[in-house]
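Chemist: kindly return the folded structure for what I paste below:
(3 chains)
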Amino acid sequence: MAAERAAILRLEGLEKRFGGVVAADRLSLSLRAGEVLGVVGPNGAGKSTLFNLICGSIPADAGSVLLEGRDISRLAAHRRARLGISRTWQHVRLFPSLSVLDNLVMSGQSYPGESLLAALFRPPALRRAMAQMTRAAEAALEAVGMSHRAGHRVAELSYGQQKLVGLARALMNEGPVLLLDEPLAGVDPRNQITMRAIIDREAARGRAVCVIEHNIGVLRELAARMVFMFAGRAEAEGPPAAILGDPRLRRIYFGGTA
Amino acid sequence: MEYVLTILALIVLWTILSASFNLVIGFAGLLIVAQPLFYGIGAYATAAAAMFLGVPVPLAPLLGILAALLASIVLSVPCVRVSGDYLLIASIGFLLAGLQVIRNTESIGGAGGLAHIPALFEGPNRTLWFLLVSGAFAAATLWLVRWLVSGDFGRAVVAMRDDEEALAGLGRDVLRIKVFLVAVSAGCAGLAGGLYALHFQFVSPDQFELLHAAMMLACVIVGGIGSTLGPPVGAAIVIALPQLITMLEMPPAVMAAIQGMLFTGLVIAFLFLRPQGLFGSAAAVGGSRVEAK
Amino acid sequence: MMDVTVFLQIAWSSIAGSSFYVLVAVAFALYLKVTTYWNFAQAAQIGIAFYLLYALVRVLAWPAWAALGATFVVVAGFGLALEAWGMRVLRRRNSPHLTYFIFTFMVAQFAGFLLMLLGGTEPRSLVASLFMPGFLVAGVSVTAWDVEAIIVTLVLLGGIALLLSGTAAGERILAVSDNRQLAEFYGISAERTYMLASIVCAVPIVAGVWLFGTRTTFLPTTGLDLLLIATVATILGGVGSVIGAGVAALALGLMRGFSVFVVPSIWENALVYFALVLAVVFLPRGFGGLWTSLLARRRAARMSQAAATARASEAA
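Modeler: Reported below is the predicted structural model:
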């Protein structure tokens, strides 16, 4: 049973306001190992804010984020990523000045090139670590079928290809939590199959995967559990059939009012 | 001849200043305009080391570098998390406050400045020797900047310029990278200050004003913000062009005003007609990049 | 020991002496509120205002009202030109904030040099003699300038407040500063509103320069100095609050007036600049921001307490 799996990430009473707009309203959720959690809701429901609060891009006004029991709410974004919270962005946000491979190389949980030592000297240990990083990046590209694009600039890629690279970049972080913001939007059907296979595989490996997606048809197949968000609240949570079958939620989704 | 060598020496010092300044505003994307203060602290610390602490003259600039580096950390550690315009304002405040401290400290000459600093080189060819040595340091600075923005560390710097928030979300410590770049930049400015003090043998607070930040900005903008080749060219233009005016015989006050109008006017013209400068890429000055508010 | 009369005297003189800081700070903060840019080119407007007033009043011996009117037209026109040919171009290009800073800062420097060329580097004043006879009120010396400064400042602040809160033009300005996209969606032209704002800003600038020039002496670099104090006031008052900037400028004036008892006067400027750095680091949203964040924290605490009680009663 899914419910008996260990909760890897727990959110407790997260709150965030932007001026008068409530983006997160007493949000409490948990992500479990080996499970894909789907997040649905109308535009502006606070889905992306949820990811930003988890990964620390924006600080929460109140509430806490617990990763494997440890409170990480006060940690900066990069510390959280190093602890194993990996994510993609709705608009991919690859680094346009870097090659596809370099985008991946510098996105591991640790990046040896970041240290001051690396900037000043280049000890052999560092060179070995960088070589290993490059191999990992090549493997991640291979996994999404983008090896042939490794040396290209991001701008030369189609939007769908960028999304695949974005996913590969997130896979460079081998931590327990994977947050995917609309991974399938703008991706052609053939590549969607690749992506779904990767998402399934990552969950099967024991990661807690959270997917924001508007493509309900795909999400109901991917996710074991769904959360319906509206106005910064988790309105409902449960198996996909229950969420998608609820006429009230459907009205909100398509009508935009409660 | 001596005059030409002196101008060349100034161009070389300003190459160090603008190349390192560019590292902060062009590559780290930080609006820290306290560079003249780091330059000044380097100059004063070098002079003080040679005059009062008995440090051998050739080693005195090391203290200048160290002092500038420490000053930059005092500013950058609390301030880099503050974004954009606020950082700019804080750095202006820091620059002006620092200058006031120098002005009010009588033991280093106060507002009148510090004279009789020992020289790095003596003799008839001293300017030539100085030019060669500082030229070597300028080349080293350019190489250092180029090195820092390429390779393993540079990959993170370039990514940071592209999308800071995404980079942090992927696990890179953006603040540490920034503090490091600011420190390197300030260290270079401190070196330039030390060299200046040991050649011109006189420093005063008036040489490190906000106006000089504007001049450094001018070098960077004209050369091309975020380019590694731009600063020497920008420095050459911004330093040499006003010198041409001195050929015309004018009262000093009038000349200073015209020289000032020349370089500020040049920057304004570049901003509108060629925002990427002579060597820069358009990406660094906007168009493609929209700063998150 | 400081007796009451001395205290009152310093307070009164500092309040009157803050008038031009308050006016300049209000202009700076208003422009910032509407456009989100720190407009250092206002230093150029300050410089132009002073030297034009000097030429008209001292050299051509125009009456004050005519000189002030003409100066307002020129300063506002300069502001409009800056908008149309400077800021608007940068906005169209989607320039980063750095570019606006460089542009406005270079305009300020350029104007400083130009005025140095035209007006020389010696200090100048708008009146032949800066000596002002005062009359005593309860032991405190009050000059005609003090009274004029306070009245002018209050009238202008009141006028600006009235303009912002009670007129259609003010509504447009507030709408654009609140949310530019939304305002444009409702058919308000942001560019035209920016132009309007720069005209409004010219009023306190010209008035501030007049008060400054009739009280003390002006140098080509004075514009930038005044603007730096306005910047400190804007940060302390909380970005986005025009009144806050004015109040902070007044507080700064009082602080400078009374600081002579605490620190030697040579450290006065250094204190202001250190205050600026500390304000940015610890109070980036000013004292107003500190207040609102305290309120928010208390509200959040109340809410989480309420949630905890709710959970407890649920469990029971």
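
Chemist: which ones are touching whichever residue of chain A sits closest to chain B?
Modeler: When scored by Cβ to the nearest Cβ, chain A has A:Gly113 as its residue closest to chain B, at 2.8 Å. All C-beta atoms are positioned from the backbone trio N, CA, C, and that covers glycine. Counting by Cβ atoms under 8 Å, 6 or more residues apart in numbering or on different chains, A:Gly113 makes contact with A:106, A:126, A:130, B:151-153, B:155-156.

Chemist: now do C:Ile102
Modeler: When contacts are counted by Cβ under 8 Å, 6+ apart, C:Ile102 touches B:217, B:221, B:267, B:271.

Chemist: among those, which one sits closest to chain A?
Modeler: B:Ile221 (20.5 Å).

Chemist: just the strands in chain C please.
Modeler: Listed in chain order, the strands of chain C (DSSP state E) span C:134-137, C:140-143.

Chemist: how far off centre is the last one?
Modeler: Its chain's average C-alpha position is 26 Å from that of strand C:140-143, according to Cα atoms, centre = their mean, to the nearest Å.

Chemist: that strand: which residues count as buried?
Modeler: Within strand C:140-143, the residues that count as buried by 16 or more other Cβ atoms under 10 Å in any protein chain shown are C:140, C:142-143.

Chemist: check what pLDDT C:Ala296 gets.
Modeler: What the model reports as pLDDT for C:Ala296 is 61.

Chemist: can you lay out the buried residues of strand C:140-143 as TSV showing distance to A:Pro240?
Modeler: Converted to TSV, the buried residues of strand C:140-143 look like this (distance: Cβ to Cβ, whole Å):
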residue	distance to A:Pro240
C:Val140	79
C:Val142	79
C:Thr143	80
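
Chemist: so which of the residues you listed comes closest to C:Leu126?
Modeler: C:Thr143 (15.3 Å; Cβ to Cβ).

Chemist: isn't that closest one right next to C:Leu136, touching?
Modeler: No. C:Thr143 is beyond contact range of C:Leu136, at 10.9 Å (criterion: Cβ atoms under 8 Å).

Chemist: minimum distance to chain A: which of the strands of chain C has it?
Modeler: Using Cβ to the nearest Cβ, the strands of chain C put strand C:140-143 closest to chain A, at 45.1 Å.

Chemist: how many other residues sit next to the closest residue to chain C within the stretch 51-200 of chain A?
Modeler: Relative to chain C, the nearest point of the stretch 51-200 of chain A is A:Ala62 (4.4 Å; Cβ to the nearest Cβ). A:Ala62 is flanked by 21 other residues according to other Cβ atoms under 10 Å in any protein chain shown.

Chemist: how about A:Asn191?
Modeler: The burial count for A:Asn191: 20, using other Cβ under 10 Å.

Chemist: if you count neighbours, what's buried in the host helix or strand of it?
Modeler: For A:Asn191, the host element (DSSP states H and E) is helix A:189-204. Buried positions in helix A:189-204, judged by neighbour count with 16+ other Cβ under 10 Å: A:191-192, A:194-195, A:198-199, A:202-203.

Chemist: part of a helix, is the residue of chain A closest to chain B?
Modeler: Yes. Counting by DSSP: H, G, I helix; E, B strand; the rest coil, A:Gly113 is found in a helix.
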